[in-house]
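Student: My questions are about this predicted structure, shown below with the sequence.
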Amino acid sequence: MNKIPNRQAICNVLMEKAGEDKDIMVLCSDSRGSASLAPFAEAFPEQFVETGIAEQNLVSISAGLAKCGKKPFAASPACFLSTRSYEQAKIDVAYSNTNVTLIGISGGISYGALGMSHHSAQDIAAMSAIPNMRVYLPSDRHQTKRLVEALLQDEKPAYVRVGRNPVEDIYTEDNCPFEMDKATLLTEGQDIAIIACGEMVKPALEAAEILKEKGISATVLDMYCVKPLDEEAVIKAAKSAKAVITAEEHAPFGGLGSMVSQVVSASCPKTVVNLSLPDAPVITGTSKEVFDYYGLNGEGIAKKAMELI
């Protein structure tokens with residue numbers, strides 16, 4: 001069982017590159033511990049900025065540093081980064097086209113018992129609605145590493161959401177196919193297409209295994225790039241399936257499910273069912289307990305697939 005959370009994978013990449021690239025900057029809003037970025041702050045104090053609990057300042061300072069040629073990575077709890085500093089993300093980062101990577105840590109319902117104030121079930125919709133803002137939800141530590149390495153090579157705004165807890169590996173160090181802004185095809189089938197992002201990719205794979213035992217073949221797409229959405233991959237998967245399921249750790253509106261539905265309805269109309277968190281306060285519990293309660297697990301996804309075909 002993997003014990004390295006995606007947030008730590010981000011720190012590992014930044015520390016590896018920061019020694020040679022002094023333009024890499026990390027900024028935190030009293031969040032270096034929960035972001036696993038304390039080692040970076042200790043190793044590279046001149047490339048680290050602590051703003052305190054001031055997320056709006058965090059984003060604006062990052063944009064200013066980017067205008068000076070720096071490569072800032074701003075880490076803060078996703079629930080605050082995507083709401084409290086939304087205007088700064090829209091104006092100072094996206095509209096101003098600054099080279100800022102916003103890292104929403106402890107995304108979704110990662111904070112568990114802290115409840116709705118600390119859940120970020122609307123961030124995909126909010127950030128995706130901003131023109132010139134890319135949105136990424138890597139599915140495991142290996143893909144997270146590849147994503148951060150790619151982001152270091154470009155100069156465009158991005159929002160990356162990662163969870164708080166370690167997730168099981170989907171890929172390996174030596175086998176992690178990755179192309180920027182292209183979904184990864186994990187399995188290919190003709191009966192059902194399952195398109196998932198972030199922590200829902202593993203349950204989607206588990207569902208495919210359950211379905212396989214019942215003679216049902218499933219396509220599973222790892223849509224880590226929610227925006228820009230890989231429309232070509234969506235259309236290809238939908239055309240070869242009888243129905244499409246999307247799975248996301250997000251509210252039912254404006255996220256992956258909504259985007260996939262728009263593409264499928266316009267290009268190859270099929271039934272699309274979105275499995276997500278409810279449009280209501282989420283129950284209190286660990287991530288696994290919450291996912292199990294709402295059917296966001298292998299069994300729940302497989303059950304819905306069997307209902308559709």
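Tutor: Done, it's in.

Student: domains for the protein, by residue range?
Tutor: Taking automatic domain parsing as the domain assignment, the ranges for the chain are 6-161, 184-308.

Student: Can you add mean pLDDT and give these back as a markdown table?
Tutor: Formatted as a markdown table, the entries for those read as follows, by pLDDT from 0 to 100:
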| stretch | mean pLDDT |
| --- | --- |
| domain 6-161 | 97 |
| domain 184-308 | 97 |
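
Student: Those domains: which one's closest to residue 174?
Tutor: Comparing those against residue 174 with C-beta to C-beta, the closest turns out to be domain 6-161 (9.3 Å). All C-beta spots, glycine's among them, are computed from the backbone N, C-alpha and C.

Student: mind checking how far the closest one is from the chain centre?
Tutor: Relative to the chain's own centre, domain 6-161 is displaced by 12 Å; criterion: C-alpha atoms, centre = their mean, to the nearest Å.

Student: now the strands for the chain?
Tutor: In order along the chain, the chain carries the following strands (DSSP state E): 24-28, 48-50, 71-77, 101-105, 134-136, 158-161, 184-187, 192-196, 218-222, 225-227, 243-247, 271-275.

Student: Name the surrounding residues that touch the third one.
Tutor: Read it as strand 71-77. The set of residues external to strand 71-77 that reach it, using C-beta atoms under 8 Å, 6 or more residues apart in numbering, is 7, 10, 14, 21, 23-29, 31-32, 34-35, 37, 55, 58-59, 61-63, 65-66, 81, 85, 99-106, 111, 118, 120, 152.

Student: in its sheet, what does that strand sit against?
Tutor: Applying DSSP bridges, strand 71-77 is found paired with strand 24-28 (parallel), strand 101-105 (parallel).

Student: Drop anything exposed from the contacts of strand 71-77.
Tutor: Neighbour counting by 16 or more other C-beta atoms under 10 Å classes 7, 10, 14, 23-29, 31-32, 34-35, 37, 55, 58-59, 61-63, 65-66, 81, 85, 99-106, 111, 118, 120, 152 among those as buried.

Student: I'd like to know which of those residues are part of helices.
Tutor: Among those, the members falling in helices are 7, 10, 14, 55, 58, 59, 61, 62, 63, 65, 66, 81 (criterion: DSSP state H).

Student: Make JSON lines out of the domains of the chain and add distance to residue 178.
Tutor: Formatted as JSON lines, those follow (distance: least, C-beta to C-beta, whole Å):
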{"stretch": "domain 6-161", "distance to residue 178": "4"}
{"stretch": "domain 184-308", "distance to residue 178": "7"}
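
Student: And those domains: which comes nearest residue 168?
Tutor: Of all the domains of the chain, domain 184-308 sits nearest to residue 168, with 5.4 Å by C-beta to C-beta.

Student: Start and end of that closest one, how far apart?
Tutor: According to C-alpha to C-alpha, to the nearest Å, domain 184-308 extends 24 Å from its N-terminal end residue to its C-terminal end residue.
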